[in-house]
Structures are given as C-alpha cells and as structure tokens.
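Novice: Provided below are the primary sequence and the corresponding predicted coordinates.
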Amino acid sequence: MKSLIRDLIAIEAVKVETEDYFTWTSGVRSPIYCDNRLTMSYPEIRRNIADAFVEKIDGDIDVIAGCATAGIPHAAWVAERLDLPMVYVRSSAKKHGKGNQIEGAVRNGDRAIVIEDLISTGKSSIQAAEALREAGVEVVEVLSIFTYGLDAADKAFEDAGLNYRSLATYLELMDELELTEEEYLRMKEWRANPYAFSS
C-alpha cells in the first residue's frame, strides 16, 4: 500500500521526531506518530482506505465493528459499502445511561470484522474484540489502517487467539520517508526494541 503511505505523508498524518520522542497512552516512547484521524478530512483518501478494507474481507460477515473512536468512521464507510450493520465498541462500558460498551445491535453468533485506525501494542483492539466475544460475537479478524508491527502486539493477538492485518506497516513507511541515515538507523533501532526508549 505504498500509495496509502504516500497519502499519509502528504497530509502530514505522519510525524517523525528522532530526538524528542512522542509518548503513547501505553507509556511507550516512539520516534513516529501516525494520526490516521486526519484521513477523515480527505474524501479520496478515506474512500481508498474503505476500498482496501473491503478487498481484505472474505467470507460471510454479519457486522462491521469500529473501535472507539478513530475506527468508527472507517467502520461506517466499510459497512456502507458492504451493506452490513455497523456497531462501535468503547474502551469500557459507559458509567451512565444503559452502561453500554457496544453501541448498536449485535446478536449471539454474529461474525464480525473489527476496524481500527492504528495498532501499536494491540491493547485497544483486543479489548474491543473481547467485548464482542462476551456478547456472543465471533471476531473473524481485526483490520487496521496502520501497524507499527511490534512483537508485543503480535504476541498479544496470538495470546488472545485473534488474527489481524493492516493496510500499511512501519517498515513500509520507513522506506517512503525522506530520512537522513542517522534518522533511519534510529527508527530501525527503535523498531527492534521500542521499550528500551521508554524509561
């Protein structure tokens, strides 16, 4: 998906800082920040993303589930293309109202695709998948726009018994960015051991 990576770079969804690293919610510090929420503002790019997701979806699917919040719009566009029901999953149940974690209607035995904008450690995507499973839904696969491809995420998905795929990866992105040799080496070093930079 080189065209997608070039689009993300063009709209400045990707920021690189090899000196003063970005800090993720998980506490991991990273030389790159990928803000896929910006894609919502570019109709052609978001259509291309939805089309790419649709191409990856095989078999009988009953519902498309978006991870709150950035996965929600992309899930909606995919569901519209496939003429399927759509739901979204919060990181935790609401503290008021009906206390829902899943918004929308799912049925026991439904087969779902989970749509996420970004996979770093995999925690939020797996939480969403587990909430769906608790509701009796079979999670066929998690699809994301971008992944850092961290070993920790691979292990977390494996431990959860979940499959995931992404449209674009960190290593593919590195090949498209205009980096100095020093920046390239630092990003490669970070990718090999991201937790070494998080103290």
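Specialist: Now that the structure is in, tell me what you want to look at. Residues are numbered from 1 along each chain as shown.
Novice: how about Ile64: what's its closest non-neighbour residue?
Specialist: Of all residues not flanking Ile64 in the chain, Ala79 sits nearest, at 4.0 Å (CB to CB, 6 or more residues apart in numbering). For every residue, glycine as well, the C-beta is placed using N, CA and C.
Novice: and Cys67, how far from Val114?
Specialist: 6 Å (CB to CB, to the nearest Å).
Novice: which neighbours do these two share?
Specialist: Val89, Ser125, Ala128 (CB atoms under 8 Å, 6 or more residues apart in numbering).
Novice: which among these count as buried?
Specialist: Among these, the ones that count as buried by 16 or more other CB atoms under 10 Å are Val89, Ser125, Ala128.
Novice: who touches the residue positioned nearest the centre of the chain in this structure?
Specialist: The chain has Leu118 as the residue nearest its centroid, 2.7 Å off, counting by CA atoms, centre = their mean. The neighbours of Leu118, taking CB under 8 Å, 6+ apart as the test, are Cys34, Asn36, Ala70, Ser144, Ile145, Phe146, Thr147.
Novice: for the last one, which residues are in contact?
Specialist: Counting by CB under 8 Å, 6+ apart, Thr147 makes contact with Leu118, Ile119, Ser120, Ala153, Tyr164, Ser166, Ala168, Thr169, Tyr170.
Novice: only the buried subset of those residues, as a PyMOL command please.
Specialist: Here is the PyMOL command that picks out the buried ones among the contacts of Thr147, judged by 16+ other CB under 10 Å:
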select buried, resi 118+119+120+153+164+166+168+169+170
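Novice: now the contacts of Thr147 in a markdown table, with pLDDT?
Specialist: Shown next, in a markdown table, are those (pLDDT from 0 to 100):
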| residue | pLDDT |
| --- | --- |
| Leu118 | 96 |
| Ile119 | 96 |
| Ser120 | 92 |
| Ala153 | 94 |
| Tyr164 | 97 |
| Ser166 | 97 |
| Ala168 | 96 |
| Thr169 | 95 |
| Tyr170 | 94 |
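Novice: let's have the contacts of Leu118 in CSV, adding secondary structure, distance to Glu176 and pLDDT.
Specialist: Conversion of the contacts of Leu118 to CSV gives the following (DSSP: H, G, I helix; E, B strand; the rest coil; distance: CB to CB, whole Å; pLDDT from 0 to 100):
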residue, secondary structure, distance to Glu176, pLDDT
Cys34, strand, 12, 94
Asn36, helix, 16, 96
Ala70, coil, 22, 95
Ser144, strand, 18, 98
Ile145, strand, 15, 98
Phe146, strand, 12, 97
Thr147, strand, 15, 96
